[in-house]
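Colleague: predicted structure and sequence below. I'll ask about it afterward.
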Amino acid sequence: MINKFILAVKSIKNLHTLFFDYFGLLKGEVVYKLRDGIRIKARAGSTDFAEIIIIDGDSEYPSKFYPQNKKPIILDIGAHIGAFSLLIAKKLLSKDPVIFSLEPNSSSFSVLEKNIKLNEFDFIKPFKLGMTAKDGKGFLLVEGNKYDGGFVSAKKNKLRDCEEILTISLANFCKANNIATVDLMKMDIEGSEYDIFKSSIGFIKKHVKSIFIELHNIDKKNNYSSFKNDIVNYGFSVKAEIMGRTLFLINDKLNGKI
């Protein structure tokens, strides 16, 4: 709790807005003014403010790992309302980045688009898509709060809230957008990450230089520990373990280590 308070003070200028939001005293959309100059819309009464604090506080995706080359290509897969896209855009502004932000949830995507316009970051390109093993349609299984992300399933689950979405594979998304090399891929997709890596590891090895990936413990095969142990066999180095759920990976071959 103390660490979160410190991060909040470090990140947010209008702390009174956070106070009212935290205690459920606000409705609709609110704007958080961040100390780095970013303004970000959030949905009052949701967990959006927590996402903003953790990301803008440089906690979950530390900026020391951001690419330093000119015109870096960034993929933000599971962009939510755009906190990571906005932060890395601000940090790398002088390097002319191009950021592709994918978010399948209708509510989150709407706010993502508003945040891009609010900050005039027209080099962030939003896509209302879920990334999976193949192109087509799927169902986003909403977890708890309707504003949160969810696992993408090929079939509708009658026992849970679902949103039908369009899906695309990593290779086909990159092909459609003329992306030859991804300098940094950030992935937070509520458990669907395992299917993407299984289906796209060949493409990732050849085209993705570094990765932030949040991992979710699903079963004995799909979990944090297993993924961490297995990924080194594909030529990646684990450079950091963050908050007990996120790994930062370097592609050794593409970074000149092999």
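Modeller: Sure, I can see it.

Colleague: give me the next element, helix or strand, following the helix or strand of the chain with the lowest mean pLDDT.
Modeller: Lowest by mean pLDDT, DSSP states H and E among the helices and strands of the chain is strand 150-153, with a mean of 63. With elements assigned by DSSP states H and E, the helix or strand that comes after strand 150-153 is strand 162-168.

Colleague: contact partners of the next helix or strand after that following strand?
Modeller: Counting by DSSP H and E, the next helix or strand C-terminal to strand 162-168 is helix 170-176. Defining contact as Cβ atoms under 8 Å, 6 or more residues apart in numbering, one finds that helix 170-176 is touched by 100, 102, 127, 129, 131, 135, 168, 179-180, 182, 196, 200, 203-204, 207. C-beta: built from backbone N, CA, C; applies to glycine.

Colleague: name the nearest of these relative to Ala83.
Modeller: Relative to Ala83, the closest of these is Leu102; by Cβ to Cβ it sits at 14.3 Å.

Colleague: can you tell me who that closest one pairs with across the strands?
Modeller: Taking DSSP bridges as the rule, Leu102 bridges to Ile77, Phe127.

Colleague: which ones are touching it?
Modeller: Counting by Cβ under 8 Å, 6+ apart, Leu102 makes contact with Leu75, Asp76, Ile77, Gly78, Ala79, Phe127, Leu129, Gly130, Met131, Phe173.

Colleague: please name the nearest non-neighbouring residue to the fifth one.
Modeller: Distances taken as Cβ to Cβ, 6 or more residues apart in numbering put Ser101 closest to Ala79, at 3.8 Å, once the chain neighbours are dropped.

Colleague: the one you found contacts Phe127, doesn't it?
Modeller: Yes: in this structure, Ser101 is within contact of Phe127 by Cβ atoms under 8 Å, at 6.9 Å.

Colleague: more neighbours: which of those two?
Modeller: Taking neighbours as other Cβ atoms under 10 Å, Ser101 and Phe127 compare with Ser101 leading, 30 against 21.

Colleague: ok, that one to Val232 distance?
Modeller: Distance from Ser101 to Val232, counting by Cβ to Cβ, to the nearest Å: 29 Å.

Colleague: for the stretch 151-258 of the chain, what spans make up the strands?
Modeller: 162-168, 184-187, 210-214, 236-242, 246-251 (DSSP state E, counting those that start in this stretch).

Colleague: quick one: strands adjacent to the first one?
Modeller: In the sheet containing strand 162-168, the strands it pairs with under DSSP bridges are strand 130-131 (parallel), strand 136-142 (antiparallel).

Colleague: could you identify which of the ones you listed is most buried?
Modeller: Highest mean neighbour count of the strands paired with strand 162-168: strand 130-131, a mean of 26 (counted as mean count of other Cβ atoms under 10 Å).

Colleague: ok, residues contacting that strand?
Modeller: Contacts of strand 130-131 (Cβ under 8 Å, 6+ apart): 77-78, 102, 104, 138, 140, 152, 165-170, 173, 187, 189, 192, 196.

Colleague: repeat that for 7 Å
Modeller: By Cβ atoms under 7 Å, 6 or more residues apart in numbering, the residues outside strand 130-131 that reach it are 77, 102, 104, 138, 140, 152, 165, 167-168, 170, 173, 189, 196.

Colleague: quick one: which of these is nearest Ala50?
Modeller: Ile189 (18.0 Å).

Colleague: low pLDDT regions in the stretch 151-258 of the chain?
Modeller: 151-160, 257-258 (pLDDT under 70).

Colleague: OK, contacts around Ile40?
Modeller: Ile40 neighbours (Cβ under 7 Å, 6+ apart): Tyr32, Leu34, Ile52, Ala83, Leu86, Asn115.
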